[in-house]
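Chemist: Model the structure of this input:
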Amino acid sequence: MSVAVPETAHRQVAPRRGAGLLWHQIRYEQLTFWRNPQSAFFTFVFPVLIISIFGGLFGHAKDTSFYYGGDALQYYVSTIIAMSVLGSCYSQLAVVLATRRQTGILKRVRATPLPASVYFVGLLAHCVLVSFVDVLLIIVVGRCYGLSLPASAQWLSIVVSLVLGATAYCALGTALASMIRNADAAPAVVQFVMFPLMIISGTMVPIHGAIGTIAGALPVKPLNDALLTAFTGGGSGFQWHDHGTLLAWGAVGAVVAIRRFRWDPRPE
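Modeler: Predicted structure coming up:
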């Protein structure tokens, strides 16, 4: 005897199953990350070390136009936060995807019943979680050196900026991974793209003039500027130009990733 299952029951089970798979994948990525304690340790220690150095050097500096109306500590907290999001959601993601593709992990995952969308969303969510832990650590260390926190009205803008930045960098990291031929080349390719962008975007030293204007159309400086504006209280509400630039770069990265991404290792 067959039993008819109402269509509404199928609709209720499918979302639960999808949410359960996604949670399982995020948990798997987190366990994989923390089972390499050396990598996890330096992922979080590096930005803390950098902001500690800048805090010791510039913790008592005054507001100045050189730092766009804020003090040096506000400036470097903003740029180091952006650098941490870039490192977690762009460089590490690109290297991980290139390595997993070459070692055949992506090919084996593709052969399982796990939907490709769940696998990618789980991996991207893991990268975002790691970057947000970095953000909290940087702010805590900055407070130890006298960092002035943004006004309560600015926190929503900060969260939106971080989410847009993380999303754009994940899309760009996936797009770059689709162009890397093998895992050995991945770190060099990632650094070749990342470090010049960081330098001209004023991550370590404020950049003024024409170079700063050009960098404003690239994906790193908009997040720097959006965070700095929120920390210094130089603007109210959302930074539409910076957010729009991040959205545009995220869209470009997503299109390239969708069109070019391969699950199988590239032939040597």
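
Chemist: what's the distance between Cys127 and Pro47?
Modeler: 15 Å (Cβ to Cβ, to the nearest Å). For glycine as for every other residue, the C-beta is placed from the backbone atoms N, C-alpha and C.

Chemist: just Ala185 next, same as before
Modeler: Distance from Ala185 to Pro47, by Cβ to Cβ: 26 Å.

Chemist: Who has more neighbours out of these two?
Modeler: More crowded of Ala185 and Pro47, by other Cβ atoms under 10 Å: Pro47, with 22 against 13.

Chemist: list the contacts for that one?
Modeler: 80-81, 83-84, 87, 134, 137-138 (Cβ atoms under 8 Å, 6 or more residues apart in numbering).

Chemist: repeat that for 6 Å
Modeler: 80, 84, 134, 138 (Cβ atoms under 6 Å, 6 or more residues apart in numbering).

Chemist: of all the residues you listed, which two lie farthest apart?
Modeler: Ile80 and Asp134 (8.8 Å; Cβ to Cβ).

Chemist: So between those two, which is more surrounded?
Modeler: Set Ile80 next to Asp134 and count neighbours by other Cβ under 10 Å: Ile80 wins out with 25 against 22.

Chemist: what does the helix or strand where the more buried one lies rub up against?
Modeler: Per DSSP states H and E: Ile80 is located in helix 72-86. Residues from elsewhere that reach helix 72-86 (Cβ under 6 Å, 6+ apart): 47, 50-51, 54, 58-59, 61, 67, 131, 134-135, 138, 142, 145, 147, 165-166, 169, 203, 223-224, 227-228, 231-232.

Chemist: among those residues, which are in helices?
Modeler: 47, 50-51, 54, 58, 131, 134-135, 138, 142, 165-166, 169, 223-224, 227-228, 231-232 (DSSP state H).

Chemist: Emit the ChimeraX select command for whichever of the residues you listed are buried.
Modeler: A single ChimeraX command selects the buried members of those (16 or more other Cβ atoms under 10 Å):
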select :47,50,51,54,58,131,134,135,138,142,165,166,169,223,224,227,228,231,232
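
Chemist: Please report phi then psi for the residue nearest to Val220 when sequence neighbours are not counted.
Modeler: Leaving aside its chain neighbours, Val220 sits nearest to Ser201 (3.9 Å; criterion: Cβ to Cβ, 6 or more residues apart in numbering). For Ser201, the backbone dihedrals are phi -90, psi 0 (criterion: degrees, to the nearest 10).

Chemist: where are the low-confidence patches of this structure?
Modeler: Regions of the chain meeting the criterion pLDDT under 70 cover residues 1-18, 59, 61, 63, 234-237, 267-268.

Chemist: If anything else comes up later, I'll come back, but that's it for now.
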